[in-house]
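Participant: predicted model, plus sequence, below.
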Amino acid sequence: QVQLQESGPDLVEPSQTLSLTCTVSGGSITTGYYFWSWIRQAPGKELEWMGAIASSGNTVYSPYLKNRASISRDTFKNQFTLQLNSVTPEDTAVYYCAGDRRYGSNWVTGRRGSWGRGTQVTVSS
């Protein structure tokens, strides 16, 4: 059973960079045909898929983030990380990491695969 745990700051100032880490246990992020995604849910809004890193190391992003997001990984620690640049209060949300054989805006609505519990991030000065 794969388990995921998000970690990072609770509060980020506008214009700064948000950095979140997902630690995966019970499975390797480098094996299998798997995608490791970041997803968020802002207050009153639906789940938004942000991007993913494949077990191969390739990355794919939502075009709606306008190149502000970057996903990387540490294979030794079995972790993958999200960096979101130039944050604004609109980036305030609960952020989730997840792993599954699929990814994307259609996939996220079904909430399939393994998900972390989520972490609240507030963007405010």
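Facilitator: Received, thanks. Since the structure is predicted, the reported quantities are computational estimates derived from the model, not experimental observations.
Participant: elements contacting whichever strand or helix holds residue 107?
Facilitator: Element membership for residue 107, per DSSP states H and E: helix 105-108. Judged by 3 or more C-beta pairs under 8 Å, 6 or more residues apart in numbering; DSSP states H and E, helix 105-108 is in contact with strand 48-54. C-betas here are computed from N, CA, C, even on glycine.
Participant: run through who's touching the strand it packs on.
Facilitator: By C-beta atoms under 8 Å, 6 or more residues apart in numbering, the residues outside strand 48-54 that reach it are 29, 34-42, 59-62, 64-65, 69, 71-73, 80, 82, 84, 93, 103-105, 107-108.
Participant: tell me which residues touch the residue nearest to the spatial centre of the chain, please.
Facilitator: For the chain, the residue nearest the mean C-alpha position is residue 38 (1.9 Å; C-alpha atoms, centre = their mean). For residue 38, the contact set (C-beta under 8 Å, 6+ apart) comprises 20, 22, 49, 50, 51, 52, 69, 71, 82, 95, 96, 97.
Participant: how many neighbours does residue 52 have?
Facilitator: 26 (other C-beta atoms under 10 Å).
Participant: repeat that for residue 48.
Facilitator: 17.
Participant: bridging residues for it?
Facilitator: residue 40 (DSSP bridges).
Participant: and it, what pLDDT?
Facilitator: Note on residue 48: pLDDT of 97.
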